[in-house]
Each structure stands twice: as structure tokens, then as C-alpha cells.
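Enquirer: Could you work out the structure for the sequence below:
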Amino acid sequence: MPQKPPTFKTSLVFQNRTMAYFYNQLEQQHKILQKIQAVLPDTLAKQTRHCLLRERKLIIYTDSATWATQLRFYNSAILDAVITLTKTPVESMKIKIITGTLGLVSKTTRLAKLPSVEKIEAIKMDSLTIEDNQLRLSLQKLSATLERLSSNIE
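Expert: Here you go, the predicted structure:
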């Protein structure tokens, strides 16, 4: 008689305390988020994406700085609503901004718009005619820095 192949059990079938702990944490975060959204106006509630409790601090994630500013106005209402759901008292609230593709917002690097070579030379020449020593030195440093930066780009 041919033997049956062994049945495959998914990892969720086995008792795993670590996974149970994480599921419990996710469920708690979901309940807290629902409570926060219930306290907020509908337009603002739709913009609160996630929440997290860490070391007596409530962290709320939203999409933009505009919504983060609006959420700060509801600081005391949010903390009062959450107090019944947590084992330890929540002392403060922090709001973080997330983006759809990258996760947490990272600072974008802005490139400086450098003036043309003619304008840099004009700054340099004008600095020679200025009588105020501090202003003359500042303009000379500025023209030297602009020359160095423009030569690095080319």
C-alpha cells in the first residue's frame, strides 16, 4: 500500500507564545486606534493611520504635517480616551508622519541654486569697493564659497 505524504501544518497551528504576544499587541493597538478615531472629528479620524504605546508615550502616525498639527490640538482628549485601555498610564503623546512608499519621512536633500559665474564675479568686485571691513570680508567669503561650489558642479 502506498504511503500518504505527510501533511503540512502551517506555523500558526503550533503553540507559539511569541506570536501570541505580537497578536495581542496588534489587537491592543487596533483598539486604541479605534478609540482615538472615535474621539476625533471624521476628517481627522481618517488621517490617523496607526498608533503605538511605548514607555508611557502614545505615538500616533499620520500622513502629513498638516494633520499632525491638527492632531496636537486634541492632545488632552486623546490621552483621556486612551487611559481606560492601557495598563500603565500614558503621560505624553507624540505624532509622527509616514509616507505611503517609504515608511517614516526622511529629510529630502535640497540642492542650492547657485548664481551664474558673472554674478559671482560681480559680488567679488563689489566687495572690493565696500568700506565696512566686516561686510567686505563677508562678501569675499561668499564669493569664494560660490566659486568653489559652482566649480564642483561643473
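Enquirer: Walk me through the domains of the protein.
Expert: 16-104, 117-153 (automatic domain parsing).
Enquirer: worst average pLDDT in these?
Expert: Looking at the domains of the chain, the lowest mean pLDDT belongs to domain 16-104 (a mean of 86).
Enquirer: Which helix or strand contains Leu52?
Expert: strand 48-54 (DSSP states H and E).
Enquirer: Flag every buried residue along that strand.
Expert: Of the residues in strand 48-54, 48, 51-53 count as buried by neighbour count, 16 or more other Cβ atoms under 10 Å. The way it works is simple: take the backbone N, C-alpha and C, and place the C-beta from them, glycine included.
Enquirer: Please, where are all the helices along this protein?
Expert: Here the chain has its helices, by DSSP state H, at 17-39, 42-45, 65-72, 75-82, 117-128, 133-153.
Enquirer: what packs against the third one?
Expert: If contacts are counted by 3 or more Cβ pairs under 8 Å, 6 or more residues apart in numbering; DSSP states H and E, helix 65-72 sits against helix 42-45, strand 57-62, strand 92-99.
Enquirer: ditto for the first one
Expert: Helix 17-39 is packed against helix 42-45, strand 48-54, helix 75-82, with contacts defined by 3+ Cβ pairs under 8 Å, 6+ apart.
Enquirer: got CSV for those, with distance to Tyr21 too?
Expert: Listed next are these as CSV, based on distance: least, Cβ to Cβ, whole Å:
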stretch, distance to Tyr21
helix 42-45, 28
strand 48-54, 14
helix 75-82, 21
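Enquirer: Nearest to Ile120, out of those?
Expert: Of all those, it is strand 48-54 that lies closest to Ile120, at 46.6 Å by Cβ to Cβ.
Enquirer: Run the angle between that closest one and helix 17-39 for me.
Expert: Here strand 48-54 runs at an angle of 130 degrees relative to helix 17-39 (axes from the mean of the first three to the mean of the last three Cα atoms, to 10 degrees).
Enquirer: Okay, now the sheet partners of strand 48-54, with direction.
Expert: strand 57-62 (antiparallel) (DSSP bridges).
Enquirer: Mind exporting the C-alpha coordinates of the strand it pairs with to CSV?
Expert: Extracted in CSV, the C-alpha atoms of strand 57-62 (Å, rounded to 0.1, in the frame of the first residue of the first chain):
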residue,chain,number,x,y,z
LYS,A,57,4.2,57.5,25.5
LEU,A,58,1.5,57.3,22.8
ILE,A,59,2.8,57.6,19.3
ILE,A,60,0.3,58.4,16.6
TYR,A,61,1.2,58.1,12.9
THR,A,62,-0.5,60.3,10.2
